[in-house]
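Novice: Prediction below, plus the sequence it came from.
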Amino acid sequence: MTSPPRITFAAVALLVASCGSSSADEGEPGPVRVTCTAARMTPVRDVRSMRGTVVAAPGHDAILSPQVVGRVESIAVREGDAVHVGDVVARIERQPLADALVQSQSTLHQAETAAHFADVRLTRVTDLASRGINSQRDIDDATQARDDALAQLASARAEVSVSRRNVGRAELRSPIDGVVIRVMRRAGELVDGTPATPVLEIADPEALELVASAAPEDLVVLHSGAPAHVHFEALPGRDFTGHIVAVTPAVDPATGVGSVRLVLDEAGTDPPFGLFGQVEVEVAAHSALVVPETAVRGGGGTRLEVVVCNGATATVHEVELGISDPRPRRDHARPPRRRPASSATTPSASRTAPRSSHTDEPATAARRARASAG
């Protein structure tokens, strides 16, 4: 039973030796001695790399801003404190709000009195008009005055309701269970009752996600449920597994990238909020013919070539690169990161190689090329 043909590539050119005896013409080049390396079929993974940040999952964080204008009276928590739904985390100065409530209640009392007398006057004018004393115009004027008084009464009641709610809003309460991760205001500082003056941020550390930025060419091949490997530089020696939960359907025109949301699979994994992580997602795997990087050389212009050892003859074949890995592995637990490239083409007509470039460094990257002996 015959074994399959062995394809070897000239990876390192060592020296130029003379060919034949010393009587050979000096103008004729001699043979080139080369070191040949066997090509091999190797499983190749297409892995997309992204960088992301640890954040709270949607609905599990809150930035709290007071709904009233005033001065911060006190902050009841510090960063890292655990809080529960309904806990008071900050207080706004209450006295100005209480004074506004008293004033609105006084306005309401005046509006009630005015509405009562306007109603009494309308009743009297209507009675006199029925006896021919007052005219229809008197009735219309009294009716208009009564309607105006009732409108003022409704407005005064609304002001009292708002003032009463504002007094309750002087206490800022947590809307979720979580941990205080940021305090943005101190006692004595002013707030304007809008999201422009937040006081603190709360997030649930048990509901974390990793939000990564992905290039458009990566977005089109990533999908929900795809497994991922996550590595945090701040947590050396620990690698995590996770999976994609959502891929944004749009690219941000300002940055040219889209977002990918991932969750970690390990229970109890709680990296700090804001921690940066490196994400790798495998999108394809196949077998390919792999040669050392030093076996690939430029052939002029955009052409790339490999030198194929065929017995005592080295011949050159034009190839198209596939996947390459220019970076060393971080560890031995996972295969190297790789980026996609076009598939290799069939080699073109070969020619005898006069020389090859010199290098003694070992190959640190694998390049896929489909080539065969001439």
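Specialist: Cool, got the structure. Numbering: from 1, shown residues only.

Novice: quick one, strands of the stretch 251-374 of the chain?
Specialist: Along the stretch 251-374 of the chain, the segments classed as strands by DSSP state E, counting those that start in this stretch run 258-264, 276-292, 296-298, 304-310, 313-319, 351-352, 366-368.

Novice: Low-confidence stretches in this structure?
Specialist: 1-34, 267-269, 299-301, 322-374 (pLDDT under 70).

Novice: follow-up on the earlier one: can you tell me which of the strands of the stretch 251-374 of the chain is nearest to Pro227?
Specialist: strand 276-292 (7.1 Å; C-beta to C-beta). From N, CA and C alone the C-beta is placed, and that goes for glycine too.

Novice: what lines up beside that closest one in the sheet?
Specialist: strand 40-56 (antiparallel), strand 227-231 (antiparallel), strand 366-368 (antiparallel) (DSSP bridges).

Novice: just to revisit the earlier point, tell me which of the strands of the stretch 251-374 of the chain sits nearest to Met184.
Specialist: Here strand 276-292 is closest among the strands of the stretch 251-374 of the chain (C-beta to C-beta), at 22.1 Å.

Novice: Could you chop this protein up by domain?
Specialist: What automatic domain parsing lists as the domains of the chain is 8-46+288-368, 50-59+203-283, 61-91+173-202, 95-169.

Novice: Using TSV, lay out the ones you listed together with mean neighbour count.
Specialist: As requested, these are exported to TSV (neighbours: other C-beta atoms under 10 Å):
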stretch	mean neighbour count
domain 8-46+288-368	15
domain 50-59+203-283	16
domain 61-91+173-202	16
domain 95-169	15
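
Novice: about what we covered before: and the strands of the stretch 251-374 of the chain as TSV, adding distance to Gln67?
Specialist: Output for the strands of the stretch 251-374 of the chain, formatted as TSV (distance: least, C-beta to C-beta, whole Å):
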stretch	distance to Gln67
strand 258-264	30
strand 276-292	34
strand 296-298	65
strand 304-310	65
strand 313-319	67
strand 351-352	80
strand 366-368	60
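
Novice: thinking again about what came up before, Ile133: which of the strands paired with strand 276-292 is closest?
Specialist: That would be strand 40-56 among these, by C-beta to C-beta, at 74.6 Å.

Novice: Next, report how far the very next helix or strand once past the closest one is displaced from the centre of its chain.
Specialist: Counting by DSSP states H and E, the element after strand 40-56 in chain order, helix or strand, is strand 61-64. Relative to the chain's own centre, strand 61-64 is displaced by 19 Å; criterion: C-alpha atoms, centre = their mean, to the nearest Å.

Novice: and Ala151, what helix or strand is that in?
Specialist: Applying DSSP H and E, one finds Ala151 within helix 136-169.

Novice: and the next element down the chain from that helix?
Specialist: strand 171-173.

Novice: and the host helix or strand of His109 with helix 136-169, angle?
Specialist: Secondary structure from DSSP H and E places His109 in helix 95-130. Computed by axes from the mean of the first three to the mean of the last three C-alpha atoms, to 10 degrees, the angle separating helix 95-130 from helix 136-169 equals 160 degrees.
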